[in-house]
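# Could you work out the structure for the sequence below:
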Amino acid sequence: MVWDTRNGRMLAVLEQPSGSPVRVCRFSPESAYLVSGAADGSVVLWNMQSLKLYRSGNVKDGSLVACAFSPNGNFFVTGSSCGDLTFWDDKMRCLYNEKAHDLGVTCCDISSQPISDGEHGFRYFQMASCGQDNQIKLWLILFADFLGVELKYKCTLNGHSAPVLACAFSYDGQMLVSGSVDKCVIIYETSTGNTLHTLSQHTRYVTTCAFAPYSPLLATGSMDKTVNIWQFDLKQPCAGNTVENESKVTVEDWSEDDVSAWLCAQDLADFVGLFKMNNIDGKELLNLTKESLTNELKIESLGLRSKVLQKIEELRMTTISVSVTIPDEFLCPITRELMKDPVIAAGFSRFLRLIPNMRGCARTHLV
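Sure thing, here's the model as predicted:
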């Protein structure tokens, strides 16, 4: 089912053509497409504008249980219960297949930020896959229209003692979080594979985890019926957690020439004239949206719009203060201290219990 998040209205019911139960679904970065994978191995790409089936395909064996899109939305990967990772383009052509986990894939994720191989100047994206074999594997992917997909194995992370059910990259790709049947959440540094934190507050399987895009927050969900919210202390940054160019924090003060220089540095020199013609300075640059790129700047290519938006989001991250205030509803209205085990007040539909750890872990129960 597809829902409108603004008003909760159901927009469509999209049924797998084979009638097989859907095991996984994922939107493309700009929500132009939705991919759904089913228990019989069928995979369908849906057009979200028309809410109609666009393309379909099948994997050889097993159920589809995992999926992730490339940052530009032109490629996606599926993971099966037989342990295969399969790469597809947006025309549903199967580009590559890799046997990744002997006992089956459970989840996969692709980092939104590229890294350089330092040898040939290629820009790779990191991918993580996890499985029933208790392992997380890190991969490097090269997406190229003329080459298709090139996949390189990077390393294996063996921190869990039971099947790993979920994994997700931080927005900058420097950290990876995972959740497991062993009830633990582990946060890794992707450049070294080192364990940064092990969180063991959940009492049942950890089934999902996600980093907030623009703030130092992490959410983990479990079969113990709780969602824990974690806040990182950025005053003690992890290795490699540095800002490459401190001048980025003054993006709002950039002139039009500064924006032009930035475009060139990001391999977006073709847009210099367009941005100059529309008097895009630093402040205007940070305010650009998908709609303004499409309707006002008339950038028709979906791939180019995605690339520009991705680079702008990187700039926004450096301008947002790392200090995240605790939401007011988490504080005692009298003492202003972090509340522990508050009573349920009449007229409220939920209550919050906070466990202070890593500067604050919020456990939310819905009643």
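# Please report how far residue 298 lies from residue 12.
From residue 298 across to residue 12, the span is 30 Å (C-beta to C-beta, to the nearest Å). Every C-beta, even on glycine, is put in place using the N, C-alpha and C of the backbone.
# Comparing these two, which residue is more hemmed in?
More crowded of residue 298 and residue 12, by other C-beta atoms under 10 Å: residue 12, with 14 against 9.
# I'd say the more buried one and residue 2 touch.
Yes. In this structure, residue 12 is within contact of residue 2 by C-beta atoms under 8 Å, at 4.7 Å.
# list residues touching both of those two?
The overlap between the contact sets of residue 12 and residue 2 (C-beta atoms under 8 Å, 6 or more residues apart in numbering) consists of residue 51.
# longest helix in this structure, by residue count?
helix 302-319 (DSSP state H).
# Which strands and helices lie in contact with that one?
Counting contacts by 3 or more C-beta pairs under 8 Å, 6 or more residues apart in numbering; DSSP states H and E, helix 302-319 packs against strand 105-116, helix 282-287, helix 290-295.
# and residue 162, which of those is closest to it?
When these are compared by C-beta to C-beta, strand 105-116 sits nearest residue 162, at 11.3 Å.
# Each with direction, which strands does that closest one pair with?
With DSSP bridges as the test, strand 105-116 is paired with strand 123-131 (antiparallel).
# From one end of stretch 80-94 to the other, what's the distance?
14 Å (C-alpha to C-alpha, to the nearest Å).
# i'd like the first residue to be 461 from this point on
Let's use 461 as the start, then, which means that last one is stretch 540-554.
# mind listing what's buried in it?
Buried residues in stretch 540-554, counted by 16 or more other C-beta atoms under 10 Å: 540, 541, 542, 543, 544, 545, 546, 547, 548, 549, 550.
# Which one of those is nearest to residue 533?
When the buried residues of stretch 540-554 are compared for distance to residue 533 (C-beta to C-beta), residue 550 comes out closest, at 7.0 Å.
# residues contacting that closest one?
Residue 550 touches 493, 505, 533, 534, 535, 536, counting by C-beta under 8 Å, 6+ apart.
# one more time with 6 Å, if that's ok
With contact taken as C-beta atoms under 6 Å, 6 or more residues apart in numbering, residue 550 is in contact with residue 534.
# Same question for residue 533.
For residue 533, the contacting residues are 488, 489, 766, by C-beta under 6 Å, 6+ apart.
# of those residues, closest to residue 690?
residue 489 (25.2 Å).
# tell me which element that closest one falls in.
Using DSSP states H and E, residue 489 is not contained in any helix or strand.
# and the gap between the nearest residue to it once chain neighbours are set aside and residue 563?
In space, residue 489 comes closest to residue 533 once its chain neighbours are excluded; the distance is 4.8 Å by C-beta to C-beta, 6 or more residues apart in numbering. Separation of residue 533 from residue 563 (C-beta to C-beta): 30 Å.
# same question, residue 611
20 Å.
# between those two, who's got more neighbours?
Each of residue 611 and residue 563 has its neighbours counted (other C-beta under 10 Å); residue 611 has more, 18 against 14.
# Next, the buried residues of the host helix or strand of the more buried one.
Secondary structure assigned from DSSP H and E places residue 611 in strand 608-617. Buried residues in strand 608-617, counted by 16+ other C-beta under 10 Å: 609, 611, 617.
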